[in-house]
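K.L.:
Structure, please.
(chains A and B)
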Amino acid sequence: DAKTTQPTSMDCAEGRAANLPCNHSTISGNEYVYWYRQIHSQGPQYIIHGLKNNETNEMASLIITEDRKSSTLILPHATLRDTAVYYCIVRPSNTGNQFYFGTGTSLTVIP
Amino acid sequence: GAVVSQHPSRVICKSGTSVKIECRSLDFQATTMFWYRQFPKQSLMLMATSNEGSKATYEQGVEKDKFLINHASLTLSTLTVTSAHPEDSSFYICSASGGAEDTQYFGPGTRLTVL
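P.N.:
Residues are numbered from 1 along each chain as shown, chains lettered A, B, ... in the order given. A predicted model of the protein is given here:
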């Protein structure tokens, strides 16, 4: 079962930062937070994941609260190609553990 | 990131026929592969988990005799939809994990339409 809640949809102006929240209040100590996105009619694309420290890569930054009950994915300068459904998933970091997808957030970047 | 391919990308078949979908990890060895199904405007639903050389584990409500999964090598898993019916029409997506990382990497998906 999905263990996360996300807003159904969000808009963001092109060039601005997109901040996508995720609540995971029942997260366990050994569970990581993963973010994927899915552009229409494509397979999900990995973005970033983290345990308790903030993480940054070439695509995005992940901010995890100190109590780990929520996190925020930040796309620093949103472009039209970032329009997609963004999924926040929690799971233990052991190979073979399943991902259960929630409904995600549909992000629309507006010109 | 790692690359996962699926073949075919799109298939149309008649009701009652069987369809095989291939999932390949191109640049890493996938100890575990996963199969998902996605209906229009819905999220991905996990169907089954397959480990190389062993039988797949199916999620509750997924018929193992209808959705046959084979994971014969560390780079290839196949999903066969047997005796397909129109209600099996969906977007089928595989993912793979393994190696030094435990992140799942997804294929581009296969659009199945059963007439």
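K.L.:
what residue is smack in the middle of the chain?
P.N.:
All of this refers to chain A. What sits nearest the mean C-alpha location of chain A, by CA atoms, centre = their mean, is residue A:35, with 3.5 Å.
K.L.:
Oops, wrong one, chain B.
P.N.:
residue B:35 (3.7 Å).
K.L.:
and that one, what does it touch?
P.N.:
Contact analysis of residue B:35 by CB atoms under 8 Å, 6 or more residues apart in numbering or on different chains lists B:23, B:46, B:47, B:48, B:50, B:67, B:69, B:77, B:79, B:92, B:93, B:94. (Glycine included, C-beta is placed from N, CA and C.)
K.L.:
what sits opposite the last one in the beta ladder?
P.N.:
With DSSP bridges applied, residue B:94 shows beta-bridge pairing to residue B:35.
K.L.:
circling back to that earlier point, roughly how far does the residue nearest to the centre of chain A sit from residue B:110?
P.N.:
Between residue A:35 and residue B:110 the computed distance is 24 Å (CB to CB, to the nearest Å).
K.L.:
my guess is residue B:80 contacts residue B:18, does it?
P.N.:
Yes - counting by CB atoms under 8 Å, residue B:18 is a contact partner of residue B:80 at 5.8 Å.
K.L.:
For stretch B:60-75, output the C-alpha coordinates as PDB.
P.N.:
Listed next in PDB are the C-alpha coordinates belonging to stretch B:60-75 (Å, rounded to 0.1, in the frame of the first residue of the first chain):
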ATOM      1  CA  GLN B  60      -3.200 -10.000  -4.600                       C
ATOM      2  CA  GLY B  61      -5.800 -10.200  -7.300                       C
ATOM      3  CA  VAL B  62      -3.400 -10.800 -10.200                       C
ATOM      4  CA  GLU B  63      -4.000 -14.200 -11.900                       C
ATOM      5  CA  LYS B  64      -0.700 -16.000 -12.200                       C
ATOM      6  CA  ASP B  65      -2.000 -18.300 -14.900                       C
ATOM      7  CA  LYS B  66      -3.100 -15.400 -17.000                       C
ATOM      8  CA  PHE B  67       0.000 -13.300 -16.600                       C
ATOM      9  CA  LEU B  68       2.900 -15.600 -17.100                       C
ATOM     10  CA  ILE B  69       6.300 -14.200 -16.000                       C
ATOM     11  CA  ASN B  70       9.600 -15.700 -16.900                       C
ATOM     12  CA  HIS B  71      13.000 -14.300 -15.600                       C
ATOM     13  CA  ALA B  72      15.400 -16.700 -17.200                       C
ATOM     14  CA  SER B  73      18.500 -14.400 -17.100                       C
ATOM     15  CA  LEU B  74      19.800 -11.400 -15.300                       C
ATOM     16  CA  THR B  75      19.000  -9.100 -18.200                       C
END
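K.L.:
Before I go, just wanted to say thanks for your time.
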